[in-house]
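attaching a predicted model along with its sequence, questions to come.
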Amino acid sequence: MLSARHLTCIRGDRPLFEGVGFSLSAGQWAHVRGGNGVGKTSLLRILAGLSPAAEGEILWGGEPIGSEAFRRELMYLGHQPAVKEDLSALENLQLAAGLDGDVLEVADAERALRRFGLAGREDLPVRFLSAGQKRRVLLARTLTRKAKLWILDEPFTALDVNAVQMLAGIVRDHLAAGGMAVLTSHQEIPLEAAVVVDLSLHGAQPVARPVAQMQAVQA
Ligand SMILES: Nc1ncnc2c1ncn2[C@@H]1O[C@H](COP(=O)(O)OP(=O)(O)OP(=O)(O)O)[C@@H](O)[C@H]1O
């Protein structure tokens, strides 16, 4: 189970949100929502253990996140398509697996790429792929890395209507197999969420600054 309690986030000297909490059990996913700049990416990075919260705690199976066991069970994809442009789709998947200390068989990589509609594109350098196809290469990692918790930041960006349905189906299969997911999206996701975290309802109060600093800002 993933359990987030009383999370507060401050970026720079600016408070973003406070009092965010939710729990996910096997087979459930959370939709993190809110307008531009409310802190969705910041929250996902905190949940993935990539940046600290100002306050609050996150438990995975009752233990604080940060352990090697948590990292092995986590699949985090940021919203930038972090792929190597000079490598092929297949090589990108193998490289990502290698960085995790795993060996990815060619047949398994091809199967994942086929599932994401990239059959026939496996060996092209990624720089020749469209934005949506690059996103699909990135997303194919969800199938090649056997993680229980998926944290995906704007995974539907640049995907066409068919690919949105395809990804929703893959998330559905993951949940049916006992997985969990935390997703952000500005568009409707064709999957009913167990939990909705609307960050626009968690706006934090401004951080009190020393008077001298406030005068400097006003000047
Ligand atoms: N390291 C940082 N230092 C200062 N400010 C930051 C830092 N990281 C993020 N911010 C600010 O925090 C705010 C929230 O950023 P974040 O990327 O979490 O928003 P978001 O809800 O994901 O937005 P979007 O929908 O536009 O992707 C932004 O105003 C951003 O500039």
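Looks like it came in fine.

list the buried ones in the helix ranked longest in the chain?
Using DSSP state H, we find that the single longest helix of the chain is helix 161-176. Using 16 or more other C-beta atoms under 10 Å as the test for burial, helix 161-176 gives 163-164, 166-168, 170-171, 174-175. (Glycine included, C-beta is placed from N, CA and C.)

run the chain-centre distance for the helix or strand just after it.
On the C-terminal side of helix 161-176, the closest following helix or strand by DSSP states H and E is strand 180-184. Relative to its chain's centre, strand 180-184 lies at 7 Å (C-alpha atoms, centre = their mean, to the nearest Å).

is any residue of strand 180-184 near the ligand?
No. Using C-beta under 6 Å from any ligand atom, strand 180-184 never reaches the ligand; the gap is at least 6.7 Å.

tell me the strands beside that strand, with direction?
With DSSP bridges as the test, strand 180-184 is paired with strand 29-33 (parallel), strand 149-152 (parallel).

could you redo these as CSV and give each row mean neighbour count?
As requested, the strands paired with strand 180-184 are exported to CSV (neighbours: other C-beta atoms under 10 Å):
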stretch, mean neighbour count
strand 29-33, 21
strand 149-152, 24
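
among these, which comes closest to A89?
Ranking the strands paired with strand 180-184 by their distance to A89 (criterion: C-beta to C-beta) puts strand 149-152 first, at 18.3 Å.

run through who's touching the closest one.
Applying C-beta atoms under 8 Å, 6 or more residues apart in numbering, the contact partners of strand 149-152 are 2, 44, 47-48, 60, 73-77, 139, 142, 171, 174, 179-184.

next: stretch 123-136.
Contacts with stretch 123-136, where a contact means C-beta under 8 Å, 6+ apart, come from 81, 83-90, 92, 113, 116-118, 121, 137, 155, 157-160, 163.

at 10 Å instead, please
For stretch 123-136, contacts defined as C-beta atoms under 10 Å, 6 or more residues apart in numbering pick out 77, 79, 81-92, 110, 112-113, 115-118, 121, 137-138, 154-160, 163, 166-167.

tell me the mean pLDDT for that stretch?
Per-residue pLDDT over stretch 123-136 has a mean of 94.

what's the end-to-end length of that stretch?
One end of stretch 123-136 to the other measures 14 Å (C-alpha to C-alpha, to the nearest Å).

neighbours around L191, how many?
Under the neighbour criterion other C-beta atoms under 10 Å, L191 is assigned a count of 16.

that one and A181 touch, don't they?
Yes. Using C-beta atoms under 10 Å, L191 is in contact with A181, at 9.1 Å.

on that earlier part again, distance to the ligand and pLDDT for the buried residues of helix 161-176 - can I get that in TSV?
Formatted as TSV, the buried residues of helix 161-176 follow (distance: C-beta to the nearest ligand atom, whole Å; pLDDT from 0 to 100):
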residue	distance to the ligand	pLDDT
A163	20	91
V164	18	93
M166	23	92
L167	18	94
A168	20	95
I170	22	95
V171	19	96
H174	23	97
L175	23	97
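
element containing A96, please.
Short version, using DSSP H and E: A96 is in helix 89-99.

can you check F22 too?
strand 14-24.

one more: L139?
Assigned by DSSP H and E, L139 belongs to helix 131-144.

what angle sits between that helix and helix 161-176?
For helix 131-144 against helix 161-176, the angle by axes from the mean of the first three to the mean of the last three C-alpha atoms, to 10 degrees is 20 degrees.
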